[in-house]
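**Q** Got a sequence here, can you build the structure:
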Amino acid sequence: MWKQWKHKITLMFFLAALVSAQCGPAAPASPTAPPQITIVHWQHHHEARKPVVDALIQEFQAKYPNATIKFESIPYEQYFDKLLTALASKTGPDVFQIPMEMAEQLIKAGALAPVPESVMTSQQIEEAFIPAAIQRFKSGGKYYGLPTDVQTLILFINVDLLKECGGDPAKPPATWEELEEQARRCTKRDAQGNIVQAGLDTRYRWAVFTQAMYSFIDGPVVDAASCKVNYDEPQGIAAWKLVAELMTGPEAVDSPKFLTGQRKFEQGKAVFYINHPVTRGRLEREAKGINWIVAPPPVPAGKKPVTPLHVWAYVVNKDTRNPEWAWRWVQFLTGKDAQIQWFQKAGDLPSLKALVSDPSLATDEKFRIALESMNYSRPVEQVGQTEVDNIQAELWEKIVIQGADVETAVKEAAAKEEEVVRKILGCP
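**A** Residues are numbered from 1 along each chain as shown. Predicted structure coming up:
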């Protein structure tokens, strides 16, 4: 799920093209659907989510027989390339997903249609959803996205492997120091020193360094108000030094060369794994022979639990012919009954206030820990998707593969990211 892709066009070029190609506002949508209506829906593929969408499509079409939802679940590595190219050529879907990092870009470019008041007013949206899940999708008093894929980070633990190396599943590591010590003790190597069992599965690199930054840095990681990227300051540098400790040297707890591109934790080849709660769905299907539990993610010693809150939202293409019904489909996808299915079947956390505090959803310990993580979450502040992801990927590569000086590499990356932020937000 790591964010790596190469676009045929850069995001900035795409946005500029969209702005220049904007036409006048579309005519108001009819409040009733025509005899037949088709809504094209794209989102990135995830094994646990696709069956939920398929089920919701059947429900929606049964409720509205004149509606047809054409759903395409696109491999993550291809999703943004295909989406941005289609939008730029005006062949894009009616409804699609975007991560919160892209909200300001696409809203500013005029690529999205706002939620019409005939579907939900801004006041109704704010009364229904938790603020952190919707705040970045609001502009000019209107909302341009509704959330379902709401994710924190949690720690997955292989109980049997942890016991083998002397750990106590009843007392999972709560701090980075404890996780690093236990992961090192649990890492196994062959006679040549090659890792054959990882203490920590780090294949989802974003989760590792983002949990580190958002737990080490007390203030904003990215301050949109001042257009400042702050992880080049002491706390951010400490977070990236932790990454270096975990991934380099003779006591590294994982290696890019170990089961490259494979699911180490699911194969029983890693003891710990940091990922989103939605990972539960995949583990329940693919790792049935593994005895696993979950725990809150690690934080620096002496700090209270904290986890980044990451949101994807369903949005509507401003070029859709049916904005009213495209948004009614999104409203259906984000409603109470749908969010219960997302949570129970896929592992997505609810974004409706009424569900976040609903104890009936915490039917087992894994569900309870996932729900409780919302109480100590802080929104991801990254502005910009492709360019920023590439900057952070390059930073990881410099530190982990090239052995670059951490402080120098971090300061260079933060300066590059700040340039992107200033360009996107139009900072003076």
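**Q** The stretch 51-200 of the chain: helices as residue ranges?
**A** 76-88, 103-108, 122-128, 131-134, 159-164, 176-186 (DSSP state H, counting those that start in this stretch).
**Q** what packs against the shortest one?
**A** Under the contact criterion of 3 or more CB pairs under 8 Å, 6 or more residues apart in numbering; DSSP states H and E, the helices and strands touching helix 131-134 comprise strand 146-151, strand 307-317, strand 377-379. Every residue, glycine included, has its C-beta placed from N, CA and C.
**Q** what's the longest one packed up against?
**A** Looking back up the chat, that one is strand 307-317. Packed against strand 307-317 by the contact rule (3+ CB pairs under 8 Å, 6+ apart) you find strand 95-99, strand 112-113, helix 131-134, strand 146-151, helix 205-216, helix 323-333, strand 377-379.
**Q** Okay, buried residues for that strand please.
**A** Residues of strand 307-317 classed as buried: 307-317 (neighbour count, 16 or more other CB atoms under 10 Å).
**Q** Tell me who's in contact with the residue most central in space within the chain.
**A** The chain has residue 310 as the residue nearest its centroid, 4.7 Å off, counting by CA atoms, centre = their mean. By CB atoms under 8 Å, 6 or more residues apart in numbering, residue 310 lies in contact with 99-100, 150-152, 276, 380.
**Q** Of all pairs in those residues, which one spans the longest distance?
**A** 99 and 152 (14.6 Å; CB to CB).
**Q** which one of these two has more residues nearby?
**A** Comparing residue 99 with residue 152 by other CB atoms under 10 Å, the one with more neighbours is residue 152, at 25 against 19.
**Q** I figured residue 308 hits residue 378, correct?
**A** Yes. At 6.3 Å, residue 308 counts as touching residue 378 under the criterion of CB atoms under 8 Å.
**Q** re the thing from before, for the residue nearest to the centre of the chain, name its beta-bridge partners.
**A** Residue 310 has these beta-bridge partners by DSSP bridges: residue 151.
**Q** do you know how far residue 128 is from residue 403?
**A** Between residue 128 and residue 403 the computed distance is 49 Å (CB to CB, to the nearest Å).
**Q** So for residue 289, which of the helices and strands packed on strand 307-317 sits nearest?
**A** Of the helices and strands packed on strand 307-317, nearest to residue 289 by CB to CB is helix 205-216, at 23.7 Å.
**Q** partner strands of the helix or strand just after the closest one, parallel or antiparallel?
**A** Scanning forward in sequence from helix 205-216 by DSSP states H and E, the next helix or strand is strand 222-223. Using DSSP bridges, strand 222-223 pairs in its sheet with strand 228-229 (antiparallel).
**Q** Can you list the buried residues in the longest helix along the chain?
**A** For the chain, the longest helix by residue count, based on DSSP state H, is helix 406-425. Across helix 406-425, burial judged by 16+ other CB under 10 Å covers 406, 409-414, 416-421, 423-424.
**Q** what does stretch 273-291 give?
**A** Across stretch 273-291, burial judged by 16+ other CB under 10 Å covers 273-283, 287, 290.
**Q** before we move on, the earlier item: out of the helices and strands packed on helix 131-134, which gets nearest to residue 223?
**A** Here strand 377-379 is closest among the helices and strands packed on helix 131-134 (CB to CB), at 12.7 Å.
**Q** Name the surrounding residues that touch the closest one.
**A** Here strand 377-379 has contacts from 100, 132, 135-136, 152, 214, 306-309, 311, using CB under 8 Å, 6+ apart.
**Q** hey, what's residue 189 bridged with?
**A** Assigned bridge partners for residue 189, using DSSP bridges, are residue 195.
**Q** what's the distance between it and residue 243?
**A** Noted for residue 189: a distance of 20 Å to residue 243, by CB to CB.
**Q** before we move on, what about residue 416?
**A** To residue 243, residue 416 is 18 Å away according to CB to CB.
**Q** can you check residue 200 too?
**A** Relative to residue 243, and taking CB to CB, residue 200 is found at 11 Å.
**Q** okay, these two: which has more neighbours?
**A** Comparing residue 200 with residue 243 by other CB under 10 Å, the one with more neighbours is residue 200, at 26 against 21.
**Q** check contacts around that one.
**A** 179, 183, 208, 246, 253-254, 270-274.
**Q** Pick the one among the residues you listed closest to residue 392.
**A** The nearest member of those to residue 392, counting by CB to CB, is residue 208 at 11.2 Å.
**Q** The residue nearest to that closest one when sequence neighbours are not counted - how many residues pack around it?
**A** If the residues on either side of it in the chain are set aside, residue 208 comes closest to residue 202, at 5.2 Å by CB to CB, 6 or more residues apart in numbering. When neighbours are defined as other CB under 10 Å, residue 202 has 28 of them.
**Q** which residues does residue 202 contact?
**A** 208, 246-247, 253-254.
**Q** rewinding a little: which two from the contacts of strand 377-379 end up farthest apart in space?
**A** In terms of CB to CB, those reach their longest pairwise distance at 136 and 306, which sit 18.9 Å apart.
**Q** how near is the residue in the chain sticking out farthest from the centre to residue 425?
**A** Centroid-distance maximum for the chain: residue 191 at 38.4 Å, with CA atoms, centre = their mean. Distance of residue 191 to residue 425, given as CB to CB: 54 Å.
**Q** What of residue 216?
**A** For residue 216, the distance to residue 425 - CB to CB - is 24 Å.
**Q** What of residue 233?
**A** 20 Å.
**Q** Residue 300 too?
**A** 30 Å.
**Q** pretty sure residue 211 contacts residue 305?
**A** No. Here residue 211 does not reach residue 305: they are 11.1 Å apart, not a contact under CB under 8 Å.
**Q** List the residues that are in contact with both of these two.
**A** residue 297.
**Q** Okay, now the unreliable bits of this protein?
**A** Applying pLDDT under 70 to the chain flags residues 1-34.
**Q** the domain parsing of it - what is it?
**A** For the chain, the structural domains run 11-151+310-379, 154-308+383-425, going by automatic domain parsing.
**Q** And the strands in the stretch 251-400 of the chain?
**A** Using DSSP state E, counting those that start in this stretch, the strands of the stretch 251-400 of the chain run over 270-275, 292-295, 307-317, 377-379.
**Q** would you list the ones you listed in a markdown table and tack on distance to residue 55?
**A** Shown next, in a markdown table, are the strands of the stretch 251-400 of the chain (distance: least, CB to CB, whole Å):
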| stretch | distance to residue 55 |
| --- | --- |
| strand 270-275 | 24 |
| strand 292-295 | 25 |
| strand 307-317 | 16 |
| strand 377-379 | 27 |
